[in-house]
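[1] sequence? don't have it. structure:
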């Protein structure tokens, strides 16, 4: 029993100490998505879906919930944000070539159709995206891809 108490005390101390180290926040301005939205023309409804469901991990601007201040959750969220931005970052849209833009929109369609996006871990906390919203995203992304077909 004494050994279990020591381990518990060490874990508690570690939990307290880890609170003093925070990952860097992803806090650019929403203007960073302006080029993406101007070029892909998502419309009001789809832009709202993108802001509510996608931009937190796929742009340089994240709206952090209160629990993002608590380690180790803060590290878990930081990992999700970095991974999402690495795969698709709308804040860097104007740096992508047309072929890459087309490919990113194609991936968006595939991920949404397959139910892979948004991540289950995101929807557990933030709620699921409706089938209607998924369909709106897919229709918009297919239309936006027409700008990049070089055939």
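    In hand now; what should we look at? Being a predicted model, the structure only gives us computed values, none of them experimental. Numbering: from 1, shown residues only.
[2] make it CA atoms for all contacts and neighbour counts henceforth
    Noted.
[3] Next up, the contacts around the residue minimising distance to the centre of the chain.
    The residue lying closest to the centre of the chain (C-alpha atoms, centre = their mean) is residue 57, at 1.8 Å. Counting by C-alpha atoms under 8 Å, 6 or more residues apart in numbering, residue 57 touches 80-85.
[4] Quick check: end-to-end length of stretch 89-99?
    The stretch stretch 89-99 measures 15 Å between its terminal residues, going by C-alpha to C-alpha, to the nearest Å.
[5] Next, the buried residues of it.
    89-93, 98 (16 or more other C-alpha atoms under 10 Å).
[6] who's in contact with stretch 138-151?
    The contact list for stretch 138-151 (C-alpha under 8 Å, 6+ apart) reads 40-42, 46, 98-99, 101-102, 105-106, 108-109, 112-113.
[7] Any chance of those in CSV with distance to residue 139 as columns?
    Putting the contacts of stretch 138-151 into CSV (distance: C-alpha to C-alpha, whole Å) gives the following:
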residue, distance to residue 139
40, 12
41, 12
42, 10
46, 10
98, 19
99, 19
101, 16
102, 14
105, 11
106, 11
108, 11
109, 9
112, 11
113, 11
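[8] Quick one: which of those is the most crowded by neighbours?
    For the contacts of stretch 138-151, the largest number of neighbours (other C-alpha atoms under 10 Å) sits with residue 101, at 23 neighbours.
[9] thought that residue was touching residue 94?
    No. Between residue 101 and residue 94 there is no contact under C-alpha atoms under 8 Å: 9.1 Å.
[10] circling back to that earlier point, among the contacts of residue 57, who's most crowded?
    Highest neighbour count within these, by other C-alpha under 10 Å: residue 81, with 21 neighbours.
[11] In the protein, where is pLDDT below threshold?
    23, 26-31, 150-151 (pLDDT under 70).
[12] quick one, helices of this structure?
    Ranges of helices in the chain, per DSSP state H, are 2-18, 34-40, 43-53, 55-58, 73-87, 98-113, 120-126, 131-145.
[13] quick one on the thing from earlier: which non-adjacent residue is nearest the residue nearest to the centre of the chain?
    The shortest distance from residue 57 to any non-neighbouring residue, by C-alpha to C-alpha, 6 or more residues apart in numbering, is to residue 81 (4.4 Å).
[14] Now do the same contact list for that neighbour.
    56-58.
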